[in-house]
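J.: Need the 3D shape of this:
(2 chains)
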Amino acid sequence: MSLLQVKNLRVEFPTRRGTLVALDDVSFEIAPGEVLGVVGESGAGKSMTGAAIIGLLEPPGRIASGEILLEGRRIDNLPYEKMRRIRGREIGTIFQDPLTTLNPLYTIGRQLVETITTHLPVGPGEAREKAIGWLELVGIPAARERIDSYPHEFSGGMRQRVVIALALCAEPKLIVADEPTTALDVSIQAQVIAMLKTLAREKGTAMMLVTHDMGVIAETADRVAVMYAGRISEIGPVRQLVRHARHPYSQGLMGSIPPLDRRVERLQQIDGAMPRLSAIPRGCAFNPRCPRVFDRCLVERPELMDAGTTRASCWLYAEGAPA
Amino acid sequence: MSAGPMLEVQNVARHFDVSKPVLQRLIAREGRRTLRAVDGISFDIPTGTTLSLVGESGCGKSTVARLVVGLYGPSFGKVLFDGQDLAKARADSAQRSRMQMIFQDPYASLNPRWRVVDIVAEPIRAFRLLKGKKAILARVGELLTQVGLSPLDGQKYPHEFSGGQRQRISIARALSSNPEFLVCDEPTSALDVSVQAQILNLMKELQQRLGLTYLFISHNLAVVRQVSDRIGVMYLGKLVELAPAESLFERPRHPYTRALMEAIPDLEMTGRQRIPVGGEVPSPISPPPGCTFHPRCPLANDRCRVEVPVMKAALDGMVACHAVEEERD
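T.: Just a heads-up that it's a prediction; the model follows:
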């Protein structure tokens, strides 16, 4: 059974000028121990999906329809207090900026111990030992001495390690990581990714990894979901998606990444920009930018369908598509 | 256009005084503290070519960008623009109009209260390049077309544009004084990857069409490979390697350059186990003695811990590394 199921999720933002649909009919599953990468450009709805799962949508955003199930139990309609228990205990979160995740007034030890004692049946002494163990595991040198330091006494990379320890210390089954390495320098980013990957594998933790960096996804994820304008445009195994993307948007996205191993005269580019939520085109939302657009794309919205190695929401893979 | 290099940077340094106030210093019995953001670097950029500087945050690459357009003065060393001392060149508006800068954040670098037409026309007016509203308007339309926007976009405000379009406006503004030398400080790092490709393609086209010289600052090696003729790698205020783009990628010499390349997650290498470089960039206020990279370097020995390496010719580039010099690499 899958650990997390998201079924036909729709998130709306009521505004004075009408209701904006930020997520529309998003469905996917994550198996225990699996890493699902979620990619897309800014405004595609990747962070919004993560926020909806952990029950932290910014008001006035709300789940208008659809279901989110954790181990078969619905969690999208739980009261705040119950959801708070699940957050931390069963779903850990890692955000982009470690400074806003950590409380600057408490030592990192106190924050870790509090999280552990809240969620696990252990006393303060044991919790402290566990906390030191976690800090060692995420690669903080001299963890025993540094546990009583404040967040500002750590560098950015070290702080993100503390955040990861904090997300993992209650031993959740799922981690929602929103751009966990974006604020870090490349050499530190590589250290953190390698560590996240090992930990997830060792502990059997599943992960939803939201990022705009395809390189990070290619290295870490088992499966990838590509989002565009609030919908999943393609989902499939990472190798297939990176090497043989089926949806023209995914193809463009992969093609526009500058290659490291050679110089190209002209980079492949996707013309135009993603539509605003208030002006999503009729039919397929990608149709104004799509190089392979045909008449059906302009009027009918495609659902995810079998596209060979992946599933793509693109009419090219329906019957009767132009060759 | 002269035959010599567009820009020569000779042993330039920029230090910042980050001491506490005098009284606090006296009470705590502390000395002055200096941050050596840029600590003696030299390079030149031949006319019509692109030199890129790469490195992690805090390595001083943006400070170099500001030094070469005169936004900072050097603490010591010399910057020559087209053979003339930069301070002198800056004093002459005809010379000053030949250099322009493009900044990282297109949300912060455009005045939100100005229409695009005024933003793009500002350098034309400031340098008095054209007279008459009509001529200026025509020129702005031409510039907007050149960067892939419509002349009608001139009547809009910056908030009506996406990030990529805003960066196009920044480029149009930079081009409006007919510059020959453009300093681009992370021009695409705030942009999505598909839009980044648009901007990089545009910058390459403009270089070919207008014969521009670029100093390109970036932390992204893959981007740098696409645009550069030569690449300088910076670490803690110093250049550690300077080489033609192709040889730098084919045969990186300095251990830090190699570590940087090793650190990049690569699409082609799905599932590859990488060995990330350990440790972090030390504080530039109290850099380690000797080679500043030695605490993280797999090749470091006793010499590296005490003696500062200098840039020496190696193959078709230059490297500052004892290990490379001694062929221990």
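
J.: After the top helix by length along chain A, which helix or strand is next?
T.: The single longest helix within chain A, with elements called by DSSP state H, is helix A:186-203. Proceeding N to C from helix A:186-203, the next assigned helix or strand is strand A:206-210, under DSSP states H and E.

J.: packing partners for that following strand?
T.: strand A:18-30, strand A:35-39, helix A:46-53, strand A:174-178, helix A:186-203, helix A:214-220 (3 or more C-beta pairs under 8 Å, 6 or more residues apart in numbering or on different chains; DSSP states H and E). C-beta: built from backbone N, CA, C; applies to glycine.

J.: if we can go back for a sec, for the longest helix of chain A, give me every contacting residue.
T.: Helix A:186-203 has contacts (C-beta atoms under 8 Å, 6 or more residues apart in numbering or on different chains) with A:33, A:35, A:137-139, A:156-157, A:160-161, A:164, A:168, A:171, A:175, A:177, A:180-181, A:184, A:205-207, A:216, A:219-220, B:56, B:219, B:221, B:259-260, B:262-265, B:274, B:276-278, B:280.

J.: and the angle from that helix to strand A:174-178?
T.: Orientation of helix A:186-203 against strand A:174-178 (axes from the mean of the first three to the mean of the last three C-alpha atoms, to 10 degrees) gives an angle of 170 degrees.

J.: Helix A:186-203: which residues count as buried?
T.: By 16 or more other C-beta atoms under 10 Å in any protein chain shown, the buried positions in helix A:186-203 come out as A:186-197, A:199-200.

J.: if we can go back for a sec, adding mean pLDDT and distance to B:Asp17, write the helices and strands packed on strand A:206-210 out as JSON lines.
T.: JSON lines is the format used below for the helices and strands packed on strand A:206-210 (pLDDT from 0 to 100; distance: least, C-beta to C-beta, whole Å):
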{"stretch": "strand A:18-30", "mean pLDDT": "94", "distance to B:Asp17": "48"}
{"stretch": "strand A:35-39", "mean pLDDT": "94", "distance to B:Asp17": "44"}
{"stretch": "helix A:46-53", "mean pLDDT": "93", "distance to B:Asp17": "41"}
{"stretch": "strand A:174-178", "mean pLDDT": "93", "distance to B:Asp17": "39"}
{"stretch": "helix A:186-203", "mean pLDDT": "81", "distance to B:Asp17": "28"}
{"stretch": "helix A:214-220", "mean pLDDT": "86", "distance to B:Asp17": "39"}
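
J.: Would you mind telling me which of those is nearest B:Ile231?
T.: B:Ile231 lies closest, by C-beta to C-beta, to one member of these: helix A:186-203, at 15.1 Å.

J.: What is the neighbour count of A:Gly272?
T.: 16 (other C-beta atoms under 10 Å in any protein chain shown).

J.: How confident is the prediction for it, by pLDDT?
T.: Note for A:Gly272: predicted pLDDT of 84.

J.: Quick one: name the residues of the stretch 51-200 of chain B near chain A.
T.: With C-beta under 8 Å from any C-beta of the partner chain as the criterion, the stretch 51-200 of chain B meets chain A at residues B:56-57, B:162-165, B:192-198, B:200.

J.: at 6 Å what do you get?
T.: B:56-57, B:162, B:192-194, B:197-198, B:200 (C-beta under 6 Å from any C-beta of the partner chain).

J.: Look up how far B:Glu246 lies from the closest residue to chain B within the stretch 201-323 of chain A.
T.: When distances are taken as C-beta to the nearest C-beta, the stretch 201-323 of chain A reaches nearest to chain B at A:Gly215, 3.3 Å away. Distance, A:Gly215 to B:Glu246, using C-beta to C-beta, to the nearest Å: 22 Å.

J.: Neighbour count: these two, which is higher?
T.: A direct count of neighbours by other C-beta under 10 Å for A:Gly215 and B:Glu246 places A:Gly215 higher, at 23 against 16.

J.: What does the pLDDT read for the nearest residue to that one once chain neighbours are set aside?
T.: Nearest residue to A:Gly215, sequence neighbours excluded (C-beta to C-beta, 6 or more residues apart in numbering or on different chains): B:Pro265, at 3.3 Å. On pLDDT, B:Pro265 comes in at 75.

J.: Ok, the one 3 residues further on next?
T.: Note on B:Glu268: pLDDT of 66.

J.: Equivalent analysis for B:Arg96, please.
T.: In this model, B:Arg96 carries a pLDDT of 91.

J.: tell me the contacts of it?
T.: B:Arg90 (C-beta atoms under 6 Å, 6 or more residues apart in numbering or on different chains).

J.: before we move on, back to that, buried ones only from the contacts of helix A:186-203, please, as a ChimeraX command.
T.: To isolate the buried members of the contacts of helix A:186-203 in ChimeraX, using 16+ other C-beta under 10 Å:
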select /A:35,137,138,139,156,157,160,161,164,168,171,175,177,180,181,184,205,206,207,216,219,220 /B:56,219,221,259,260,262,263,264,265,274,276,277,280
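
J.: Show me the contacts of helix A:186-203 that map onto helices.
T.: Per DSSP H, the contacts of helix A:186-203 map to helices at A:137, A:156-157, A:160-161, A:164, A:168, A:216, A:219-220, B:221, B:259-260, B:262-263.
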